[in-house]
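Engineer: Next one to model:
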Amino acid sequence: MYINDEQLREFLGDSGLVSEKKFDAVLRKAEKKGVSASDMLVSEGELSEDDLRRSHAYVLGIPFVDLSHTKPDLNTLALIPEPIARRNNIVAFRQEGNELEVAMLDTDDLAAIDFVKKKTQLKILPRLTDNESIKHMLRQYQKSLRDELGDVIARESQTLEKFGKLQPENEQDLRKLAEGVPAVRVLDSLLRHAIVQNASDIHIEPREDALLVRYRIDGLLHDAMSLPKSASASITARVKVLASLRLDEKRLPQDGRFRMETDGDRVSFRVSVLPTHHGEKTVMRLLREDVSGFTLESLGFHGEGLERIHEATRKKTGLILVTGPTGSGKSTTLYTILDILNTPDVNISTVEDPIEYQMPRINQTQVKPDIGFTFATGLRSLVRQDPDIIMVGEIRDRETAALAINAALTGHLVLSTLHTNSASGAVPRLLDMGVEPFLLASVLQVVVGQRLVRTLCTEKDEQKLSAAELGSLEKHADMGAILDALKDEEMISKKATWKSISIAKEKSTPECESGYSGRRGIQEILTVSEAIKQLILEGASTDKIESQARKEGMLTMLEDGVYKTVVGTTSLAEVLRVVSE
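Structural biologist: The predicted model follows:
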């Protein structure tokens, strides 16, 4: 719904929130920057986002509701799945007959309203609300799920314990145990809880006297709950049934996969079962199958680095690499680039292990090393499938590297990942694999090095860098280059110095105890310029290549991390924790 500037000016003046003179000054700034007056009022600190929403609600005649102390009916709340509520800031709080009142931060989010309407088959009545109300209502989901999970565990654990003491060994008895109601309910609750908590991994670990369940959330492992040790057999058997693994094999590691859909989220679970001293340990990696909605900006790319990536994607041939350790978000970055390239006029084929996200119009192939179908054999076949763009999940060996380079030389744009500690480290790594320097120099376009840092919650503290901290950072980072990047992207004023600007710091609140929620990338983007091509031909070291890239404007991961502490994405402690790992 559109509010013209005159309506907003008149209301704010009458209510005494912003004088008409001040509004006119802000409006002139907004017109120069090409943004709305509403956005400029918030960015200039004249209005809070919640005050602005209240003003909009009044002008538009939409009811404004304060739910910050409301105890909702959990059945009404559950009409909107928690992931949808959290993602779209929309909650159901009152139902009368066939009418459902929903509170939102943005009543123009028609897609969210339409989703709720289709799911509930009710007439939707949108209401505007504030951030505090949304936070309070979202906490009720967690309370509801914890209560439900606790009830299930308490109710079914005794039954699991009784069955577990029988210690069945043959496959038929194990299958019967796995398909029993207690095992099904407990594991289903664990999986759903992990999805809601936005966990990336679930660890189910047999100990001497208990079965410990841990979730990896935002890169760190947390104890979730402890089950009776005797529940181990039935829980492990249930996982094996879902992942189509052998139930009676307890001596060898097994790998599998299964999928589940909950509250509109499709999630694949990559399963690894490993024999340990106290029994079989199970680890499940959660892979959200829907990659849509990601953008390079949302992953943390910005400024000149972002332009370097876009420039490389506009080329028809060449090699784009994403590097970093396991769990650094390489696959998500690759898929996001593929999503940008995925237009009807190109043929995109991939060879992956595993296929982490399923994407429309892309031909995705899963390698099967046990039958001889490796990255190399898959890539060799792909080039005969008339592709324009090829994605290779990972370059692991000399043969795959040679084939990827050859594909890039023969008219294809090739994307892949590599396990190195930095962007500049990709060059020596490929040369060590036997790639000829003159071939690598001619095809390599851009290399992205990245890590994931935890992002700060909405409420955060600020601090100034002390002289000691600044001195320590200057030994490893070009603080002037970071300042220039911040000024070029208009994140700080042109006259700002490190003495005058603040960096963000975590703040513990009841809603966000750790001060962090979610993760985002810190990146370094190395473009292969003529000077770097010459260094590749000379077989230069990682340090020499990085030094040249920094002269050409590349921010290192540490420098990008410091940049993101100034813009409020993460904290300095978190950046230093990640880059020193």
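Engineer: Pretty sure Ile532 sits in a helix.
Structural biologist: Yes: counting by DSSP: H, G, I helix; E, B strand; the rest coil, Ile532 is located in a helix.
Engineer: Wait, it touches Ile545, no?
Structural biologist: Yes: if you go by C-beta atoms under 8 Å, Ile532 and Ile545 touch, sitting 6.2 Å apart. (Glycine included, C-beta is placed from N, CA and C.)
Engineer: any common contacting residues for the two?
Structural biologist: Between them, Ile532 and Ile545 share these contacting residues under C-beta atoms under 8 Å, 6 or more residues apart in numbering: Leu526.
Engineer: If you count neighbours, what's buried in stretch 562-569?
Structural biologist: 562-566, 568-569 (16 or more other C-beta atoms under 10 Å).
Engineer: Identify the farthest-apart pair in those residues.
Structural biologist: Val562 and Gly568 (12.6 Å; C-beta to C-beta).
Engineer: any chance you could map the strands in the stretch 451-581 of the chain?
Structural biologist: Taking DSSP state E, counting those that start in this stretch as the test, the strands found in the stretch 451-581 of the chain are 461-463, 503-505, 516-527.
Engineer: Using TSV, lay out these together with mean neighbour count.
Structural biologist: Formatted as TSV, these follow (neighbours: other C-beta atoms under 10 Å):
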stretch	mean neighbour count
strand 461-463	13
strand 503-505	21
strand 516-527	22
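Engineer: Ok, which of those comes nearest Arg384?
Structural biologist: Here strand 516-527 is closest among the strands of the stretch 451-581 of the chain (C-beta to C-beta), at 31.2 Å.
Engineer: Can you name every helix or strand that the closest one contacts?
Structural biologist: helix 303-313, strand 444-456, helix 542-551, helix 557-566, helix 572-579 (3 or more C-beta pairs under 8 Å, 6 or more residues apart in numbering; DSSP states H and E).
Engineer: and if we set it to 10 Å?
Structural biologist: Applying 3 or more C-beta pairs under 10 Å, 6 or more residues apart in numbering; DSSP states H and E, one finds that strand 516-527 contacts strand 210-217, helix 303-313, strand 318-323, helix 330-341, strand 444-456, helix 542-551, helix 557-566, helix 572-579.
Engineer: Direction included, what does the first one pair up with?
Structural biologist: For strand 210-217, sheet partners with direction are given as strand 199-206 (antiparallel), strand 220-228 (antiparallel), following DSSP bridges.
Engineer: what pLDDT, on average, does the shortest one get?
Structural biologist: Spelled out, that is strand 199-206. In this model, strand 199-206 has a mean pLDDT of 93.
Engineer: can you state the direction angle for it and strand 444-456?
Structural biologist: Using axes from the mean of the first three to the mean of the last three C-alpha atoms, to 10 degrees, one finds that strand 199-206 and strand 444-456 are set 70 degrees apart in direction.
Engineer: pull the CA atoms of strand 199-206 into PDB?
Structural biologist: Only the C-alpha atoms of strand 199-206 are listed here, as PDB (Å, rounded to 0.1, in the frame of the first residue of the first chain):
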ATOM      1  CA  ALA A 199      20.900 -26.800  13.100                       C
ATOM      2  CA  SER A 200      23.400 -27.800  10.400                       C
ATOM      3  CA  ASP A 201      24.200 -31.200  12.000                       C
ATOM      4  CA  ILE A 202      22.800 -33.700  14.500                       C
ATOM      5  CA  HIS A 203      25.200 -35.900  16.500                       C
ATOM      6  CA  ILE A 204      23.700 -38.900  18.200                       C
ATOM      7  CA  GLU A 205      26.600 -40.200  20.400                       C
ATOM      8  CA  PRO A 206      26.500 -43.400  22.600                       C
END
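Engineer: Pull out the buried residues from that strand.
Structural biologist: Buried-residue list, strand 199-206, by 16+ other C-beta under 10 Å: 199-206.
Engineer: can you put those residues in TSV and add distance to Leu526?
Structural biologist: Shown next, in TSV, are the buried residues of strand 199-206 (distance: C-beta to C-beta, whole Å):
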residue	distance to Leu526
Ala199	32
Ser200	27
Asp201	30
Ile202	35
His203	35
Ile204	40
Glu205	40
Pro206	45
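Engineer: quick one: which of the residues you listed is nearest Met359?
Structural biologist: Nearest member of the buried residues of strand 199-206 to Met359, counting by C-beta to C-beta, is Ser200, at 19.9 Å.
Engineer: rewinding a little: figure out which of the helices and strands packed on strand 516-527 is closest to Leu79.
Structural biologist: Closest among those, using C-beta to C-beta: strand 210-217, at 26.5 Å.
Engineer: the inter-axis angle of the closest one versus strand 516-527?
Structural biologist: 50 degrees.
Engineer: gap between strand 210-217 and the chain center?
Structural biologist: 21 Å (C-alpha atoms, centre = their mean, to the nearest Å).
Engineer: Can I get that strand in CSV, CA atoms only?
Structural biologist: What follows is strand 210-217, C-alpha atoms only, in CSV (Å, rounded to 0.1, in the frame of the first residue of the first chain):
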residue,chain,number,x,y,z
ALA,A,210,23.7,-42.4,28.1
LEU,A,211,22.9,-41.5,24.5
LEU,A,212,23.9,-37.9,24.0
VAL,A,213,22.2,-35.8,21.3
ARG,A,214,24.0,-32.7,20.1
TYR,A,215,23.1,-30.0,17.5
ARG,A,216,25.6,-27.9,15.6
ILE,A,217,24.0,-24.4,15.4
